[in-house]
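*Asks:* The sequence and its predicted three-dimensional model are supplied below.
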Amino acid sequence: MAKVLSGAGLRGQVAGKTALSTVGVSGSGLTYRGYDVKDLANNCDFEEVAFLILKGHLPNQDELQQYKAKLKTMRGLPLALKEVLERIPADAHPMDVLRTGTSMLGNLEMEKDFAQQHEVTDRMLACFPSIICYWYRYSHDGVRIDVETDNDSIGAHFLQLLHDKAPSELHERVMHVSLILYAEHEFNASTFTARVCASTLSDMHSCITGAIGSLRGPLHGGANEAAMEMIEKFTSADDAEEGMMGMLARKEKIMGFGHAIYSESDPRNEIIKAWSEKLATEVGDKVLYPVSVRCEEVMKREKGLFCNADFFHASAYNFMGIPTKLFTPIFVMSRLTGWAAHVMEQRADNRIIRPSADYTGEDLRPVTPITER
Ligand code: COA
């Protein structure tokens, strides 16, 4: 007889130690190495935060300049990787493209020794936008783009590869903020995947490839895409109200709302929402932003549920002309920093992660000979 599993989803259980971040404990609710995410989003570039997460302290001006310059030199893609990307069809999911791209990179530029962990991580940080945009532009526009740009930041590099022109200051800033907000989030599903893989003393590319697979699902990273698909169907705030009420009556799950750890609000929402509003003004939007705000109001009123980081990211990315299917890969471009830092932390004090399970199967029984079954 099936027993009831306790602690489903490991909710509320401490599964290890980290010095990287806190969720729902102090500051506005999310801290990276002791800094409030709000403070970081208001004052830093993404590369500063990546440096902080990966190397332990905020860089000074020289360190930041050198780090950005180093990343700039690592944007190119090996021919064999480009050939693989060219063979992936246009209707593939970009997360699968990134998963394959990371795995292929691991074959071509293997992490032979853990002493290379920072090097291989910086390489992925620099070239993930190249991987995703090379495939996207080749499969959708039929062009082989040059993936080496002179942009100062990862976010601007990504937008330039996508749109063939350097982004505005506003768009570059929004990319910094977005990448900062997504960079790290304690023991979420994809990070835990990376740590489990790291605990077997596997290589960095395997840990990151596994984490990409976990992030792909709509209950995790895929929520921003699902939120976009929902809001773009609504023609006005009133239409959104009616549509949402119907979805709630049918007990449908509404993507971009709720959170496994935060109980009252997601601190990242307020920040990205403000940037989404600025972008809405810039593009003269009269639909998507008001629709999003109404969805937020309805969910609060009807279910007491709040927007998580993903909900207003949907409209913000849309206003910057980013195709919906590339939303989750942007999350990867950022969260790679958190994943890699967790892998490094796990390696520094490792024991293989191997929990136990409550057995719910049959009692012990003998094998009946095949002729008698
Ligand atoms: N839409 C509708 N109802 C929701 C909801 C949502 N987005 N999120 C939670 N709920 C409801 C659940 O149905 C449940 O109601 P019930 O007790 O009547 O069954 C209750 O709120 C508790 O939710 P639960 O699913 O147990 O929370 P969880 O901690 O297991 O899951 C999430 C957290 C994030 C997976 C969940 O909120 C969700 O699926 N959200 C949508 C996906 C999403 O945006 N993911 C990105 C997370 S950053």
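*Replies:* That came through fine.

*Asks:* what mean pLDDT would you report for stretch 46-66?
*Replies:* Averaging pLDDT along stretch 46-66 gives 98.

*Asks:* Oops, could you answer that again for stretch 183-200 instead?
*Replies:* The model assigns stretch 183-200 a mean pLDDT of 97.

*Asks:* close to the ligand, is that stretch?
*Replies:* No: Stretch 183-200 does not reach the ligand (C-beta under 6 Å from any ligand atom); its nearest approach is 7.8 Å. C-beta here means a position set from N, CA and C on the backbone, and glycine is covered the same way.

*Asks:* residues of that stretch that come out buried?
*Replies:* Buried residues in stretch 183-200, defined by neighbour count with 16 or more other C-beta atoms under 10 Å: 183-199.

*Asks:* So which of the residues you listed belong to helices?
*Replies:* Here DSSP state H is the test, and the buried residues of stretch 183-200 give 189, 190, 191, 192, 193, 194, 195, 196, 197, 198 as lying in helices.

*Asks:* mind checking how far the residue of the stretch 251-373 of the chain found nearest the ligand is from residue 268?
*Replies:* In the stretch 251-373 of the chain, the residue that lies nearest the ligand is residue 258 (2.5 Å; C-beta to the nearest ligand atom). According to C-beta to C-beta, to the nearest Å, residue 258 and residue 268 sit 14 Å apart.

*Asks:* Settle it for me: which of those two has more neighbours?
*Replies:* It is residue 268, of residue 258 and residue 268, that has more neighbours when counted by other C-beta atoms under 10 Å, with 29 against 19.

*Asks:* Surely that one touches residue 40?
*Replies:* No: look at residue 268 against residue 40 with C-beta atoms under 8 Å: they stay out of range, at 11.1 Å.

*Asks:* In the stretch 1-150 of the chain, which residue sits nearest the ligand?
*Replies:* As assessed by C-beta to the nearest ligand atom, the ligand sits closest to residue 9 within the stretch 1-150 of the chain, at 5.9 Å.

*Asks:* tell me which element the nearest residue to that residue once chain neighbours are set aside falls in.
*Replies:* Spatial nearest neighbour of residue 9, excluding adjacent residues (C-beta to C-beta, 6 or more residues apart in numbering): residue 260 at 7.3 Å. Following DSSP states H and E, one finds residue 260 outside all helices and strands.

*Asks:* Likewise for the one 10 residues further on?
*Replies:* Assigned by DSSP H and E, residue 270 falls within helix 267-283.

*Asks:* That helix and the ligand, any residue contact?
*Replies:* No: between helix 267-283 and the ligand, judged by C-beta under 6 Å from any ligand atom, nothing touches; the nearest distance is 8.8 Å.

*Asks:* now for that helix, which elements pack on it?
*Replies:* The helices and strands touching helix 267-283, judged by 3 or more C-beta pairs under 8 Å, 6 or more residues apart in numbering; DSSP states H and E, are helix 37-43, helix 169-182, helix 288-303, helix 309-319.

*Asks:* for the first one, what is the average pLDDT?
*Replies:* Mean pLDDT, taken over the full extent of helix 37-43, equals 97.

*Asks:* now that helix: how far from the chain's centre is it?
*Replies:* 18 Å (C-alpha atoms, centre = their mean, to the nearest Å).

*Asks:* got the CA positions of whichever helix or strand comes after it in PDB?
*Replies:* Using DSSP H and E, the helix or strand that follows helix 37-43 in sequence is helix 46-55. Extracted as PDB, the C-alpha positions of helix 46-55 are listed here (Å, rounded to 0.1, in the frame of the first residue of the first chain):
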ATOM      1  CA  PHE A  46      26.000  42.700 -14.300                       C
ATOM      2  CA  GLU A  47      29.700  41.900 -14.700                       C
ATOM      3  CA  GLU A  48      30.400  43.400 -11.200                       C
ATOM      4  CA  VAL A  49      27.800  41.100  -9.700                       C
ATOM      5  CA  ALA A  50      29.100  38.100 -11.700                       C
ATOM      6  CA  PHE A  51      32.600  38.800 -10.300                       C
ATOM      7  CA  LEU A  52      31.200  39.200  -6.800                       C
ATOM      8  CA  ILE A  53      29.400  35.800  -7.000                       C
ATOM      9  CA  LEU A  54      32.200  33.900  -8.600                       C
ATOM     10  CA  LYS A  55      35.200  35.500  -6.900                       C
END
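
*Asks:* quick one: the helix or strand following helix 46-55 to helix 46-55, angle?
*Replies:* Next in sequence after helix 46-55, counting helices and strands by DSSP H and E, comes helix 61-72. Angle, helix 61-72 to helix 46-55, by axes from the mean of the first three to the mean of the last three C-alpha atoms, to 10 degrees: 90 degrees.

*Asks:* In CSV, list the C-alpha atoms belonging to helix 61-72.
*Replies:* Taking C-alpha atoms only, helix 61-72 is exported to CSV below (Å, rounded to 0.1, in the frame of the first residue of the first chain):
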residue,chain,number,x,y,z
GLN,A,61,37.6,49.7,-11.1
ASP,A,62,40.7,48.1,-12.4
GLU,A,63,39.5,44.6,-11.6
LEU,A,64,36.2,45.3,-13.4
GLN,A,65,37.8,46.8,-16.4
GLN,A,66,40.1,43.8,-16.7
TYR,A,67,37.3,41.3,-16.2
LYS,A,68,35.2,43.0,-18.9
ALA,A,69,38.1,43.1,-21.2
LYS,A,70,38.9,39.4,-20.6
LEU,A,71,35.3,38.4,-21.2
LYS,A,72,35.3,40.4,-24.5
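
*Asks:* All set now, cheers.
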